[in-house]
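sequence and computational prediction follow.
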Amino acid sequence: MKQNYKVAILGNPNCGKTAIFNLLTGLNQKVSNYPGITVEKKSSQVKLNTTTTFQLEDYPGSYSMISQSIDEDIVSQNIYQWIREPGSRPDAILYVVDVNNIRRNLYFCTQLLELNIPTIVLLNMYDIISEDNKIDNIKLKEELKVHTLIPFSASKKTGIKKLKSSLIDIFTNEIVAEHNTMPISQDIGNMIKSIEDAAKPIFNISGSLLRSISLRFLSHDTHIDKVDINSIDKKNILESINKSKNAINDEYKIILNTLESDLRYGWLDQVLLSCSYKKIRVLEYKSKSEKIDAVLTHQFFGPIIFVSILYFIFQSIFAWASIPMDFIDTLVAKFGNFISSLLNSGLFHDLIVDGIIAGIGGIVIFLPQIILLMFFMTLLEDTGYMTRVTFMMDKFMRKMGLHGKSVLPIMSGYACAIPGIISTRTIDSWKERLITILILPLISCSARLPVYVLMIGAFIPEIYLFNFIGLQGFIMVVMYFLGTITAFILAKIFNKFLQEGSNPSFIMELPSYRIPIIRSVISQVYNRGKLFIVDAGKIIMIISIILWFLVSFPKNDIGEISINNSYAGQIGHAIEPIIDPLGFDWKIGIALITSFAAREVVVSTLSTIYNLGDDGDGMVNLKQAMKDDVDPETGNNIFTPLVAISLMVFYVYAAQCMATFAVVRTETNTWKWPAFMIVYMTVLAYGMSFIVFQGGRFFGFT
Amino acid sequence: MDTLYKLEENESAQIVLLNNRNATKVRLAEMGIMPGIGVRMIKKTPFGGPVHIKINNYYITLRKEDASLITIKSLES
């Protein structure tokens, strides 16, 4: 008997697929997120009983084999791989259906049934099925000849037992599936004959699968581009498509593009009608969701509610998150001291304490903010509200050169650009997706916050404008505003000048509102958070070690080092002439360079430079040390309020997070776009800082 | 003939023809938006934004450009 079984979970977007995946796997998921686009998937080992485990693989939601977004491409490419390499096929497919929308949900299912992989259909959300949508389940199972059809509820956890016993049956009895599939008439069979002949040896398939793939190639000839085959095979198929096209009867010509959907829905309707499906619906019937939408997407109340939700989320990120952040800060310092006391002083000690622990601490500190933001985002997504935001904002975002679906990535960007960039995958127009990625790092992420906090705390006086607006808070808001406004302006400019392909159509389902399953939300947040720590952590760790080396060497004869003479110091001195017009000296120069690991590193770098121990209240000491620092030649202060503002503006724009660019590289599949981003952001950072500092001095500020 | 975009909120009609680009036409049909199907306008956003429609028993949003390319006729009484 085989040992390593594989099961794939598939279905339409919004069918509750993720909740079922989370229900079956819990927190024990392996998310391989950042690699090349084709291998993106979530998987997990699931225990069936004492002897059997299987690998469960989650795939992005799709409507059809004819993929129209990156997410759907991943799915259809995987399925074509299953077709061509039978060894790579899963042992079973779990197909998830939103039971209140069974006709549309079964469309993709019937495409998959042609693969004849044993299929279990889960009629999800059966606990909230409306009377109108009830059909004869037993009859449907017989009509499609699927292995099992299970009324299921991820929130009530019903149907799991039957699901498990069905999987055991499929595994142990090595079930071979032979599903009922869409019949194709003689007429159409003749039309696609030459495509079938060309495709047969390439895909090594026959029967209804071959017929339906050939029909797909005929009705949608660009579909062949999505299939990973060599150029000779592709040429053969394209030739056969042209041959078939010439032989098409006129009556089919006008409906050619929708031929597959016409036939498939026609057949599916017959199947469903035989299962007492109610095809005719009263369009006037107002569902609960529709009544909620009357308020939530109302012309006036809709935007007000959205802004209120945003305000609440950001309030919580900045106010609530500070408590665990302070806690983590002290914990990391204590841990560093503890490890420090265990190790003999020396190089290894310094590497561990100053390099690695400090580096990891720098990233863990942002976890509370990122987790809170991810929690709210997942909640908004799982209720179905996020699609309404997309719907309401689409027009405005398009005016700005973006896409309705850019809203979610941009919101994520206030925590961290990386999850934002990944979530652009659902934007099915490449140009708008690229522009969203290009402008995302301008949104002030939480790594900029410590920089703002340090500079504002040290150099912006605690005074009030017009007696009620705190100047410190005001400057903070200005920094966030600056990044956001610039992002929108640049999006508009990029949209004008970029010659990338754009898809003007945008068709999206507005799913019914539903109560999120907390268990599933927590599992998603946990797994995304873990991914962030591991992937961003790796890069930050490596750079931290390099930086530690640069500030710790070369040592002099008695093994001491001053930052002034270190490699980092030498680099700082070397770039001083370049950054002098921005008001920065060589010490800030070092901090700018170390910030390439991550922006927040600037704080620990400045601490190191000013020779301060991390004794818990290092921040206060650092502020004082910065205020006291004077130029040995002129006697002027190195840091002034103007320098602080110039530095903050620099951080708003500067390309300083290598992890972000590494992710952009994998998402765009070229170094061209990350390189472009680094160039434009650097130019912007230098230019804006220059204007602020020189302009400020011109008007007599210091 | 009228287009889907011309429907007022809460008005219903029957889809006659999709004049959209090929790729869009395919996706519309896959989503169940095809000739012969009834459709009700739920919401039109201001300034030529997308529309929110009901097909069968589910809800879909389309941009003005696409809704303007879908021909409709009034429902037979």
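Cool, got the structure. Residues are numbered from 1 along each chain as shown, chains lettered A, B, ... in the order given.

CA atoms for contacts and neighbours, from now on please.
Will do.

how about the nearest residue to A:L10, chain neighbours excluded?
A:Y95 (5.0 Å; Cα to Cα, 6 or more residues apart in numbering or on different chains).

shaky segments in the chain?
In the absence of a named chain, chain A is used. A:1-2, A:27-41, A:362-363, A:535-536, A:539, A:556-561, A:611-621 (pLDDT under 70).

my question was about chain B, not that one.
Looking at chain B by pLDDT under 70, you get B:76-77.

next to chain A, which bits of it? Give me the list.
Residues of chain B found near chain A (Cα under 8 Å from any Cα of the partner chain) are B:10, B:12, B:22-32, B:38-40, B:45-50, B:54-63, B:65-66.

just the buried ones from the residues you listed?
The neighbour-count test (16 or more other Cα atoms under 10 Å in any protein chain shown) marks B:12, B:23-32, B:38-40, B:45, B:49-50, B:54-63, B:65-66 as buried among those.

please see if stretch A:431-445 touches chain B.
No - applying Cα under 8 Å from any Cα, one finds stretch A:431-445 out of contact with chain B, separated by at least 15.2 Å.

now the end-to-end length of that stretch.
End-to-end distance of stretch A:431-445 (Cα to Cα, to the nearest Å): 24 Å.

contacting residues for whichever residue of chain B sits closest to chain A?
Of all residues in chain B, B:I60 sits closest to chain A, at 4.3 Å by Cα to the nearest Cα. Residues near B:I60 by Cα atoms under 8 Å, 6 or more residues apart in numbering or on different chains: A:507-510, B:52-54.

that one - that's part of a strand, no?
Yes - under DSSP: H, G, I helix; E, B strand; the rest coil, B:I60 sits within a strand.

sorry, back to before: of the buried ones among the residues of chain B next to chain A, which belong to strands?
Using DSSP state E, B:12, B:38-40, B:54-55, B:58-62 are the members of these that sit in strands.

tabulate these (CSV), appending distance to A:L238.
Formatted as CSV, these follow (distance: Cα to Cα, whole Å):
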residue, distance to A:L238
B:S12, 42
B:G38, 37
B:V39, 37
B:R40, 40
B:K54, 38
B:I55, 35
B:Y58, 37
B:Y59, 37
B:I60, 34
B:T61, 34
B:L62, 32
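
closest one of the residues you listed to A:V7?
Checking those against A:V7 with Cα to Cα, the nearest one is B:Y58 at 29.6 Å.

from A:S512, how far out is that closest one?
With Cα to Cα as the criterion, B:Y58 and A:S512 are 8 Å apart.

check A:M648 too.
From A:M648 to A:S512 the distance is 44 Å (Cα to Cα).

kindly report the same for A:A358.
A:A358 is 47 Å from A:S512, by Cα to Cα.

of the two, give the one with the bigger neighbour count.
For A:A358 versus A:S512, neighbours defined as other Cα atoms under 10 Å in any protein chain shown are more numerous around A:A358 (22 against 19).

mind checking how far the more buried one is from A:I609?
From A:A358 to A:I609 the distance is 14 Å (Cα to Cα).

then A:M386?
Where A:I609 is concerned, A:M386 sits at a distance of 45 Å (Cα to Cα).

could you export the longest helix along chain B as PDB, CA atoms only?
When chain B is parsed with DSSP state H, its longest helix is helix B:22-30. Extracted in PDB, the C-alpha atoms of helix B:22-30 (Å, rounded to 0.1, in the frame of the first residue of the first chain):
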ATOM      1  CA  ASN B  22     -13.400  37.700 -26.000                       C
ATOM      2  CA  ALA B  23     -11.700  37.100 -22.700                       C
ATOM      3  CA  THR B  24     -14.300  39.100 -20.800                       C
ATOM      4  CA  LYS B  25     -17.100  37.300 -22.600                       C
ATOM      5  CA  VAL B  26     -15.700  33.900 -21.600                       C
ATOM      6  CA  ARG B  27     -15.500  35.000 -17.900                       C
ATOM      7  CA  LEU B  28     -19.000  36.500 -18.000                       C
ATOM      8  CA  ALA B  29     -20.400  33.300 -19.400                       C
ATOM      9  CA  GLU B  30     -18.600  31.200 -16.800                       C
END
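
for chain B, what's its nearest residue on the stretch 351-500 of chain A.
Residue nearest to chain B within the stretch 351-500 of chain A: A:K395 (4.9 Å; Cα to the nearest Cα).

ok, now the stretch 101-250 of chain A?
Closest point on the stretch 101-250 of chain A to chain B, by Cα to the nearest Cα, is A:R104, at 6.6 Å.

how many residues are close by the residue nearest to A:I422 when sequence neighbours are not counted?
Leaving out its chain neighbours, the residue that sits closest to A:I422 by Cα to Cα, 6+ apart is A:E667, at 7.5 Å. Neighbours of A:E667 under the rule other Cα under 10 Å: 20.

sorry, back to before: next, work out how far apart the residue nearest to A:L10 and A:G696 are.
Taken as Cα to Cα, the span from A:Y95 to A:G696 is 63 Å.

looking at the two, which one has more neighbours?
For the pair A:Y95 and A:G696, the greater number of neighbours falls to A:Y95 (25 against 16), based on other Cα under 10 Å.

that one contacts A:V7, doesn't it?
No - look at A:Y95 against A:V7 with Cα atoms under 8 Å: they stay out of range, at 10.4 Å.

circling back to that earlier point, sec struct for the residue nearest to A:I422, please.
Applying three-state DSSP: A:E667 is helix.

mind telling me what element A:K42 is part of?
strand A:41-47 (DSSP states H and E).

I'd like to know how many residues surround the spatially closest residue to A:T390 that is not a sequence neighbour.
By the measure of Cα to Cα, 6+ apart, the closest residue to A:T390 outside its immediate chain neighbours is A:G404, 4.6 Å from it. Applying other Cα under 10 Å, we find 22 residues neighbouring A:G404.

in its sheet, what does the helix or strand the residue nearest to A:L10 falls within sit against?
For A:Y95, the host element (DSSP H and E) is strand A:92-98. Note on strand A:92-98: by DSSP bridges, its sheet partners are strand A:5-11 (parallel), strand A:119-124 (parallel).
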